[in-house]
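Trainee: Okay, predicted coordinates and the sequence, questions at the end:
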Amino acid sequence: MKGSLIILGVFLSGVLLGRLDIIPRADQAGGLASWALYMLLFVVGMGIGFDTRSFRILRELHVKVALVPLFVGIGTLGGSLAAWALLGDMPLRDVLGVGAGFGYYSLSSIMITKMGDAALGSMALMANISRELATLLAAPLLVRLFGGLAPVMAGGATSMDTSLPVIARFAGERYGIIAVFSGMALTVAVPILVTAIFTWM
Amino acid sequence: MIVEIGCIAVGVPAGYLLRARPAVVGAVDRLTTWSIYALLFLLGLSLGSDDALVAQAGDIGLRAVVISMASLAGSVAAGWLLQHVLLRGALDGPNAPAASAASATPGAGHEG
């Protein structure tokens, strides 16, 4: 939670400084941002490579665990379609792209800013931060109403790190392990899905 | 967009090979954090310096919440189907107390 508040603070101070108009040529930051994004993607890849937990989890638990992130994807797709119908005036591509962040707000909002525009990137930031915050706040309720898997599903990509403590606490250690696996699979899926959605839709 | 996927695809094996070096792991950690800060600051900057976008901020936030809550609800529903219909409690493990007695009756409420 502290991490997302810092992120929000950094983003908002950017908004404020942009508002005050004191940074010259702020609109030319795009080229710099591209290189920063490539570097970010590379280090995100390295971070995935560091972590060999997911293979161990797949071996130890049943292969059925692999269905969990798949169903997060299916459920998110269904939910995004419903949101698209409800909102009525947004391109399907944009709604699916925002949804496909699975709570991974930093990477998804940055990629969507580059492939879409700043408005959509900001929407992705807010949508995915709110998914994470809602998971953290509602975890006990979700477990009581829908069982231990529910906060894992709600957390999406964040279930491997930021939402992991609440999942392990309220759903139990076993769901904590499932959460790590699901979160890792979805973390890998975010950049691939976002790229695919904005390239082919 | 091949470049974006390529950056990650190159990073994964690099990370796997260097995973036992704490210095590399620490550097990657810091680099990740600071590039995220820098990029989101730039995103805020481009949003803030655009008057048309600032005027829409409320609308953007509302849409964000609609999409995220619908996605979250859809995922929880899909998880419920997976656990109770497809796998019938298999994820609870062999020693689980009788197939999730704690979970509510189907359709008892659709929160979240």
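Mentor: Sure thing, it's come through.
Trainee: Need the pLDDT of residue 43.
Mentor: Picking chain A for this. Looking at A:V43, its pLDDT reads 91.
Trainee: ah, no, chain B please
Mentor: With respect to pLDDT, B:L43 scores 84.
Trainee: who does whichever helix in chain B runs longest touch, helix- and strand-wise?
Mentor: Criterion DSSP state H: the longest helix present in chain B is helix B:22-48. Here helix B:22-48 touches helix A:2-20, helix A:30-50, helix A:105-115, helix A:118-146, helix B:51-55, going by 3 or more Cβ pairs under 8 Å, 6 or more residues apart in numbering or on different chains; DSSP states H and E. Placement of C-beta: from N, CA and C, glycine included.
Trainee: So for that helix, what gets flagged as buried?
Mentor: In terms of neighbour count (16 or more other Cβ atoms under 10 Å in any protein chain shown), helix B:22-48 has its buried residues at B:24-25, B:28, B:31-32, B:35-48.
Trainee: do stretch A:80-88 as well
Mentor: Across stretch A:80-88, burial judged by 16+ other Cβ under 10 Å covers A:S80, A:L81, A:A82, A:A83, A:W84.
Trainee: hmm, it in reach of chain B?
Mentor: Yes: contact of stretch A:80-88 with chain B (Cβ under 8 Å from any Cβ of the partner chain) involves A:S80, A:A82, A:A83, A:L86, A:L87.
Trainee: hang on, the earlier thing: ranking the helices and strands packed on helix B:22-48 by burial, who's on top?
Mentor: Burial of the helices and strands packed on helix B:22-48 is given as mean neighbour count (mean count of other Cβ atoms under 10 Å in any protein chain shown); helix A:105-115 ranks first at a mean of 25.
Trainee: and the gap between B:V12 and chain A?
Mentor: 4 Å (Cβ to the nearest Cβ, to the nearest Å).
Trainee: Can you dump the C-alpha atoms of the helix or strand hosting that residue in PDB for me?
Mentor: Taking DSSP states H and E as the definition, B:V12 sits inside helix B:2-17. Extracted C-alpha coordinates of helix B:2-17, given in PDB (Å, rounded to 0.1, in the frame of the first residue of the first chain):
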ATOM      1  CA  ILE B   2       8.300  -6.100 -31.100                       C
ATOM      2  CA  VAL B   3      10.900  -3.900 -29.400                       C
ATOM      3  CA  GLU B   4       8.900  -3.900 -26.100                       C
ATOM      4  CA  ILE B   5       8.500  -7.700 -26.000                       C
ATOM      5  CA  GLY B   6      12.100  -8.100 -27.100                       C
ATOM      6  CA  CYS B   7      13.400  -6.000 -24.100                       C
ATOM      7  CA  ILE B   8      11.600  -8.400 -21.700                       C
ATOM      8  CA  ALA B   9      12.600 -11.500 -23.700                       C
ATOM      9  CA  VAL B  10      16.200 -10.500 -23.400                       C
ATOM     10  CA  GLY B  11      15.900  -9.600 -19.800                       C
ATOM     11  CA  VAL B  12      14.500 -12.900 -18.500                       C
ATOM     12  CA  PRO B  13      17.500 -15.100 -19.400                       C
ATOM     13  CA  ALA B  14      19.900 -12.300 -18.300                       C
ATOM     14  CA  GLY B  15      18.100 -12.300 -15.000                       C
ATOM     15  CA  TYR B  16      18.100 -16.000 -14.700                       C
ATOM     16  CA  LEU B  17      21.900 -16.200 -15.300                       C
END
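Trainee: quick one: B:A9 and chain A, what's the gap?
Mentor: According to Cβ to the nearest Cβ, B:A9 and chain A sit 7 Å apart.
Trainee: Chain neighbours aside, what residue packs nearest to that residue?
Mentor: Sequence neighbours aside, A:G45 is the residue nearest to B:A9 in space, at 6.8 Å (criterion: Cβ to Cβ, 6 or more residues apart in numbering or on different chains).
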